[in-house]
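Asks: here is the input, now give the coordinates:
(chains A, B, C and D, ligands or ions: 2)
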Amino acid sequence: MPNNECPACVELRIPCKPEYVGVARLAILGVASRMKFSYDEVEDVRLAVGEACTTSVEWAERNGKSGSSIILRSEIASDKLIVDIIDESGPRNEGAVSETEQEPENLGALLITLLVDEVSVVPKNGGTSVRMVKYAGQ
Amino acid sequence: MPNNECPACVELRIPCKPEYVGVARLAILGVASRMKFSYDEVEDVRLAVGEACTTSVEWAERNGKSGSSIILRSEIASDKLIVDIIDESGPRNEGAVSETEQEPENLGALLITLLVDEVSVVPKNGGTSVRMVKYAGQ
Amino acid sequence: MNFKMDVRTFEKDLPIIDLEGEVDVYTAPQLKQQIINILESGAKELVVDLTKVDYLDSTALGVLIGGLKRMREVDGNMVLICPSPRIRRVFEITGLDKIFDIYNTEDDAREVMGKEIE
Amino acid sequence: MNFKMDVRTFEKDLPIIDLEGEVDVYTAPQLKQQIINILESGAKELVVDLTKVDYLDSTALGVLIGGLKRMREVDGNMVLICPSPRIRRVFEITGLDKIFDIYNTEDDAREVMGKEIE
Ligand SMILES: Nc1ncnc2c1ncn2[C@@H]1O[C@H](COP(=O)(O)OP(=O)(O)O)[C@@H](O)[C@H]1O
Ligand SMILES: Nc1ncnc2c1ncn2[C@@H]1O[C@H](COP(=O)(O)OP(=O)(O)O)[C@@H](O)[C@H]1O
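Replies: Ligands and ions are numbered 1, 2, ... in the order given. Next up, the predicted model:
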């Protein structure tokens, strides 16, 4: 995986399965610890990344894509941390899931919104790409 | 970075710089925690991976390759953890460094040998590939 | 990862689930199953002790909400012990601290439960 | 990452370097510079306190060996405080516990240093 476009990037690929989400959380903890974040802000990033990966894992399970991967790409800029979580978990077709199953995911989405400064969610190549931005020193 | 050959693999790419070695250590801590390793064995893997990345960083500095990356690839098998540390740090030309500078690296190599069950070091595409294997439940 | 769960019983019939480590998408299903087992055993009250939890995600919140709902359906109750500010923060920012009864110590939690038993 | 370094002085002239967190390829150069500063200030004795260190790699070992050698070159001494079994293990498996004087407590380390001052 050569990545000459982004020399300050950290990239992680994990299987899209529940037992690997903790690996993503630890890796992003290492990256976020390098920023001028407070202890609470590092925790925010860890939780937000955990939630994004969890959502990917849940959609992969629903769509029969548990053999796919999640890519976590993070870039440290001078004043902010940018994290992309890219899955191949298939479409996030809200209509396809029952009311009850849907809600815990909304709790995850709510948490992400509360924990980072910017979030965008874009369908992409049979999966979803989530971009989160957290500003440092605010 | 599609990797259909190894669905149980975790792959991490970090810049080949001192400040990113801690990210690799945290990621491998997450992976090793999933194995039937004792607390000490998890520590062994963390330290061995840290040493391997440190060696890559030191050679990159000597060879003017600090803009390159380290790839950490780990595979969980039923009874063992296999970790590859692949750098693009240029040749490890022992003759090119002074006696004094060389020795701390030997200490790193010594540690790796003591901490994991198998090590192999292979020059590869303008860098070096180190494979470490640690058996679980011994 | 790092996760442990134990169930003990206070006096006759107050089950307490002790959790430790990370309660997330990987480990929360074990908690869900444990809560279901306790409900099926006929218990109407339950304490979940989060004192030693260092990570709790939305999956865990969902399981706890599910447990609370089912307990209330049988006119029972479920309360939490959560002295850790970091974990409590997750309940606070999601507004779930208004839905759950959260106590700092086991004594506080048991006192409330005791009152309801009487 | 997580790394802190402080220098304090015990009585008149025994400098103690307190380290905390991870001493590795990224942070060890700060320790090296600190040891050099202390040597250049004319000190002949030094205590390095690893009590709060939770990670120590070969780069840190190299810096400590370098410090010990330079202290001994001026007929001085450098000792370590390291109660943590995890960190002590790194010295033991590399055989460096035979080269360094390692103590469990600051009192033990100061007692030895005191004797040499006399
Ligand atoms: N902010 C909230 N306030 C109250 N209830 C919530 C909130 N967010 C999610 N829920 C509830 O959490 C529950 C999730 O529980 P879950 O573990 O999925 O149980 P079930 O097995 O019944 O699906 C859902 O019933 C949902 O209504
Ligand atoms: N097992 C060992 N026993 C004794 N000395 C060692 C061992 N391994 C490495 N060394 C010494 O550690 C030192 C590393 O110190 P270093 O920080 O590189 O100092 P310098 O700035 O003088 O190069 C080298 O002088 C080397 O001889």
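Asks: got the phi/psi numbers for the residue lying closest to residue C:79 once chain neighbours are set aside?
Replies: Taking C-beta to C-beta, 6 or more residues apart in numbering or on different chains, and ignoring the residues beside it in sequence, residue C:79 has residue C:101 as its nearest neighbour in space, at 4.3 Å. Every C-beta, even on glycine, is put in place using the N, C-alpha and C of the backbone. Per-residue torsions, residue C:101: phi -90, psi 110 (degrees, to the nearest 10).
Asks: let's see the pLDDT reported for residue C:101.
Replies: At residue C:101, the pLDDT value in this model is 96.
Asks: interface residues of chain A facing chain B?
Replies: A:1-3, A:7-15, A:19-20, A:22-27, A:29-31, A:33-34, A:67, A:69, A:71 (C-beta under 8 Å from any C-beta of the partner chain).
Asks: mind redoing it with 7 Å?
Replies: Along chain A, the residues adjacent to chain B under the rule C-beta under 7 Å from any C-beta of the partner chain are A:1, A:3, A:7-8, A:10-15, A:19-20, A:22-23, A:26-27, A:29-31, A:34, A:67, A:69, A:71.
Asks: shaky segments in chain C?
Replies: C:1, C:114-118 (pLDDT under 70).
Asks: one more pass at 80, please.
Replies: Residue ranges of chain C with pLDDT under 80: C:1, C:11-13, C:113-118.
Asks: give me the nearest residue to the residue nearest the centre of it, chain neighbours excluded.
Replies: Nearest to the mean C-alpha position of chain C, by C-alpha atoms, centre = their mean, lies residue C:48 at 2.6 Å. Nearest non-adjacent residue to residue C:48, counting by C-beta to C-beta, 6+ apart: residue C:17, 4.9 Å away.
Asks: I'd like the next helix or strand past the strand or helix carrying that neighbour.
Replies: Using DSSP states H and E, residue C:17 falls within strand C:14-23. Downstream of strand C:14-23, the next assigned helix or strand under DSSP H and E is helix C:28-40.
Asks: ok, back up a step: drop anything exposed from the residues of chain A next to chain B.
Replies: Applying 16 or more other C-beta atoms under 10 Å in any protein chain shown to the residues of chain A next to chain B, the neighbour count classes A:10-15, A:19-20, A:22-23, A:26-27, A:29-31, A:34, A:69, A:71 as buried.
Asks: can you count the residues close to residue A:78?
Replies: Each residue near residue A:78 was counted by other C-beta atoms under 10 Å in any protein chain shown, and the total is 7.
Asks: can you tell me which helix in chain C is longest?
Replies: Criterion DSSP state H: the longest helix present in chain C is helix C:58-73.
Asks: quick one: buried residues of it?
Replies: Buried-residue list, helix C:58-73, by 16+ other C-beta under 10 Å: C:58-68, C:70-71.
Asks: repeat that for stretch C:77-96.
Replies: Buried residues in stretch C:77-96 (16+ other C-beta under 10 Å): C:77-82, C:84, C:87-91, C:93-94, C:96.
Asks: neighbours around residue C:99, how many?
Replies: Neighbours of residue C:99 (other C-beta under 10 Å): 14.
Asks: quick revisit: take the buried residues of helix C:58-73 and lay them out in JSON lines including distance to ligand 1.
Replies: Shown next, in JSON lines, are the buried residues of helix C:58-73 (distance: C-beta to the nearest ligand atom, whole Å):
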{"residue": "C:58", "distance to ligand 1": "8"}
{"residue": "C:59", "distance to ligand 1": "8"}
{"residue": "C:60", "distance to ligand 1": "9"}
{"residue": "C:61", "distance to ligand 1": "7"}
{"residue": "C:62", "distance to ligand 1": "4"}
{"residue": "C:63", "distance to ligand 1": "5"}
{"residue": "C:64", "distance to ligand 1": "8"}
{"residue": "C:65", "distance to ligand 1": "4"}
{"residue": "C:66", "distance to ligand 1": "3"}
{"residue": "C:67", "distance to ligand 1": "8"}
{"residue": "C:68", "distance to ligand 1": "9"}
{"residue": "C:70", "distance to ligand 1": "8"}
{"residue": "C:71", "distance to ligand 1": "12"}
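Asks: contacts only, for residue A:25.
Replies: A:46, A:49, A:50 (C-beta atoms under 7 Å, 6 or more residues apart in numbering or on different chains).
Asks: in which helix or strand does it reside?
Replies: Remark: residue A:25 resides in helix A:21-32, with elements defined by DSSP H and E.
Asks: following element in sequence after that helix, please.
Replies: Next element after helix A:21-32 (DSSP H and E): helix A:39-62.
Asks: remind me what that next one packs against, helices and strands.
Replies: If contacts are counted by 3 or more C-beta pairs under 7 Å, 6 or more residues apart in numbering or on different chains; DSSP states H and E, helix A:39-62 sits against helix A:21-32, strand A:69-76, strand A:80-87, helix A:99-115, strand A:127-135, helix C:58-73.
Asks: the helix or strand following the last one close to ligand 1?
Replies: Using DSSP H and E, the helix or strand that directly follows helix C:58-73 along the chain is strand C:77-81. No - when contact is scored as C-beta under 6 Å from any ligand atom, no part of strand C:77-81 falls within range of ligand 1; the minimum is 12.8 Å.
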